[in-house]
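In: can't give you the sequence, but here's the structure:
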């Protein structure tokens with residue numbers, strides 16, 4: 001009797017799986033295809049972390065908002081600020097970044113082990129996440145990050161610069 005129950009359960013389970021598989025719509029021909037631009041920037045992140053007191057400053061920007069955090073871990077100070085941004089501000093921020101050139105930027109080793117600060121950038125597109133640490137040593141390609149930092153300083157409140 002147990003083998004009969006197992007066979008019936010296997011058949012019932014197989015029918016269930018097949019019906020679920022065939023009920024899925026693999027082709028969406030009636031809906032328009034909207035492909036995202038692979039070079040469109042969807043997220044910008046910048047951080048400065050390190051030092052003997054455990055200082056950190058983290059800035060995250062999307063098309064419609066910006067958040068900033070800063071503090072020190074040694075004395076447990078933490079501040080947060082957030083704001084919306086308009087499309088013109090987003091366009092101005094992203095205008096300094098040349099997505100096609102991001103693959104050429106070089107990172108450098110972390111400096112936190114010697115009580116120094118690490119500067120990190122993260123640029124996301126629908127195709128890829130670009131992450132760089134201490135890329136300021138790449139003097140040829142760092143200019144776009146320097147421009148981005150200057151643009152961010154115009155947006156951020158004084159205490160987060």
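Out: Received, thanks. This is a predicted model, so every value here is computed, not measured. Residues are numbered from 1 along each chain as shown.
In: residues in contact with residue 107?
Out: 131, 132, 133, 134, 135 (CB atoms under 8 Å, 6 or more residues apart in numbering). No exception for glycine: its C-beta is placed from N, CA and C like everyone else's.
In: let me see the ranges of the helices in this protein.
Out: 2-23, 87-95, 143-155 (DSSP state H).
In: just want the angle from the last one to helix 87-95.
Out: Taking axes from the mean of the first three to the mean of the last three CA atoms, to 10 degrees, one finds helix 143-155 and helix 87-95 inclined to each other by 150 degrees.
In: from the chain's centre, how far out does helix 143-155 sit?
Out: In terms of CA atoms, centre = their mean, to the nearest Å, the centre of helix 143-155 is set 17 Å apart from its chain centre.
In: again with stretch 133-141
Out: That offset, for stretch 133-141, works out to 19 Å (CA atoms, centre = their mean).
In: now the end-to-end length of it.
Out: Stretch 133-141 has its terminal residues 13 Å apart, counting by CA to CA, to the nearest Å.
In: give the buried residues for that stretch.
Out: 133, 134, 135, 138, 141 (16 or more other CB atoms under 10 Å).
In: give me every residue that touches the third one.
Out: Listed by CB under 8 Å, 6+ apart, the contact partners of residue 135 are 105, 106, 107, 108, 119, 121, 141, 142, 145.
In: ok, it to residue 105 distance?
Out: According to CB to CB, to the nearest Å, residue 135 stands 5 Å off from residue 105.
In: over to the second one?
Out: Counting by CB to CB, the separation of residue 134 from residue 105 is 11 Å.
In: now for the two: what residues contact both?
Out: Common neighbours of residue 134 and residue 105 (CB under 8 Å, 6+ apart) do not exist.
In: where does pLDDT dip in the protein?
Out: For the chain, applying pLDDT under 70 flags the ranges 1-35.
In: show me where it has strands.
Out: For the chain, the strands defined by DSSP state E cover 43-50, 55-61, 65-72, 77-84, 117-124, 129-133.
In: what sits against residue 79?
Out: For residue 79, the contact set (CB under 8 Å, 6+ apart) comprises 69, 70, 71, 159, 160.
In: export the residues you listed to TSV and tack on distance to residue 113?
Out: Output for those, formatted as TSV (distance: CB to CB, whole Å):
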residue	distance to residue 113
69	23
70	22
71	21
159	29
160	26
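In: contacting residues around residue 94?
Out: By CB under 8 Å, 6+ apart, the neighbours of residue 94 are 41, 44.
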